[in-house]
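Chemist: What shape does this take:
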Amino acid sequence: MSGTVVDSTSAAVVGAQITLTRDDGSPARTASADGDGQFTFTDVGPGPYHLLIAARGFASQTYSGTQLADAPALVPQITLAVASTSTQVQVSVSQVELAEYELKVEEKQRVLGVFPNFYVSYDPDAVALTSKQKFELAWRSTIDPVTFALTGAVAGVQQWQNDFSGYGQGAQGYGKRYGAVYADTVTSTFLGGAVFPSLLKQDPRYFYKGTGTVRSRFLYAISNAVICKGDNRKWQPAYSAILGDLASGGISNAYYPASDRGAALVFENTLIDIGTTAAANVLQEFLIRKLTPGQNRNLSTTQP
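Modeler: Residues are numbered from 1 along each chain as shown. The predicted structure follows:
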């Protein structure tokens with residue numbers, strides 16, 4: 001049995017592999033096309049046979065025929081077609097890059113387009129922030145113009161009520177109150193939102209739920225004052241936030257009037273902060289989302 005293997009231009013396909021199989025279960029035999037594209041099988045018994053022709057860069061082809069007894073068989077010329085190729089390109093975004101994208105979106109979130117709403121993720125599957133990104137978010141929050149304006153308003157109310165009377169009145173008293181309020185903001189934001197979350201691998205953001213009954217969402221919001229997501233995406237006690245409040249309160253003893261210092265005040269303020277966080281979370285769950293345009297909800301780690 002002999003034949004010739006060529007390509008679409010009738011040029012010989014040198015080295016093409018031809019595999020001969022029989023229906024009687026006899027072992028398969030192979031041959032290679034020579035420099036002229038020809039191949040030969042000897043001692044081929046009569047009966048049906050099948051040829052599989054394969055060559056690098058070409059699509060495989062089959063041919064079936066019947067070998068007659070005591071007669072050589074000439075297989076019709078076999079023409080191989082060039083193999084079709086397909087290329088699939090997949091661009092994958094790293095977890096760090098995706099977190100950076102999410103962070104940029106969160107830094108644009110503002111209630112009524114004015115008040116910062118940076119520490120909320122409207123994507124329940126948002127990836128964990130790196131330590132650098134946690135510090136970036138804290139820095140962005142503390143230098144926001146609205147933060148300075150709110151600090152001034154709080155200091156003004158304190159002066160009007162003569163809170164922390166040891167600071168006195170007048171411009172000097174207002175300046176001391178302003179500095180104390182801003183220092184509280186900076187230390188609590190960095191310690192509770194960057195330093196401890198980095199050390200303990202926890203996420204300082206509130207993850208909007210948005211589904212379920214009103215009761216389940218309310219309980220979810222309240223509980224998030226004392227629990228948080230870890231960088232491993234599992235829920236755990238919010239050690240970072242609580243330690244941040246305690247540490248910030250301890251540091252405040254260095255600049256508040258002597259009459260207002262003490263451990264009792266630190267723990268009292270920490271409990272107040274937890275309660276304030278719980279109330280803020282409830283507002284986040286039921287109201288603030290509606291007042292915050294451009295929420296980040298649909299992200300994909302892979303794009304074709």
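
Chemist: List phi and psi for residue 53.
Modeler: phi -110, psi 130 (degrees, to the nearest 10).

Chemist: quick one: which helix or strand includes the residue nearest in space to the middle of the chain?
Modeler: With distances taken as Cα atoms, centre = their mean, residue 127 lies nearest the centre of the chain, 3.9 Å away. For residue 127, there is no enclosing helix or strand under DSSP states H and E.

Chemist: how about the strands in the stretch 1-150 of the chain?
Modeler: For the stretch 1-150 of the chain, the strands defined by DSSP state E, counting those that start in this stretch cover 2-6, 17-22, 29-32, 38-40, 47-54, 61-67, 78-79, 91-92, 110-111, 115-116, 120-121.

Chemist: quick one: which of the ones you listed is nearest residue 184?
Modeler: When the strands of the stretch 1-150 of the chain are compared by Cβ to Cβ, strand 115-116 sits nearest residue 184, at 16.6 Å. The way it works is simple: take the backbone N, C-alpha and C, and place the C-beta from them, glycine included.

Chemist: now that closest one: mean pLDDT?
Modeler: Here strand 115-116 scores 91 as its mean pLDDT.

Chemist: From residue 247, how far out is the residue nearest to the centre of the chain?
Modeler: Distance of residue 127 to residue 247, computed by Cβ to Cβ, to the nearest Å: 27 Å.

Chemist: for residue 20, same thing?
Modeler: 81 Å.

Chemist: likewise residue 149?
Modeler: 26 Å.

Chemist: What of residue 165?
Modeler: Applying Cβ to Cβ to residue 165 and residue 247 gives a distance of 26 Å.

Chemist: show me the contacts for the closest residue in space to residue 37 that isn't next to it in sequence.
Modeler: Among residues not flanking residue 37 along the chain, residue 12 sits closest, at 2.9 Å (Cβ to Cβ, 6 or more residues apart in numbering). Contact partners of residue 12, counting by Cβ atoms under 8 Å, 6 or more residues apart in numbering, are 4, 5, 6, 33, 35, 36, 37, 38.

Chemist: quick one: low-confidence ranges for the stretch 1-150 of the chain?
Modeler: 85-92 (pLDDT under 70).

Chemist: hmm, 80 instead?
Modeler: Residues of the stretch 1-150 of the chain meeting the criterion pLDDT under 80: 25, 69-73, 84-95.

Chemist: This completes my enquiry, with thanks.
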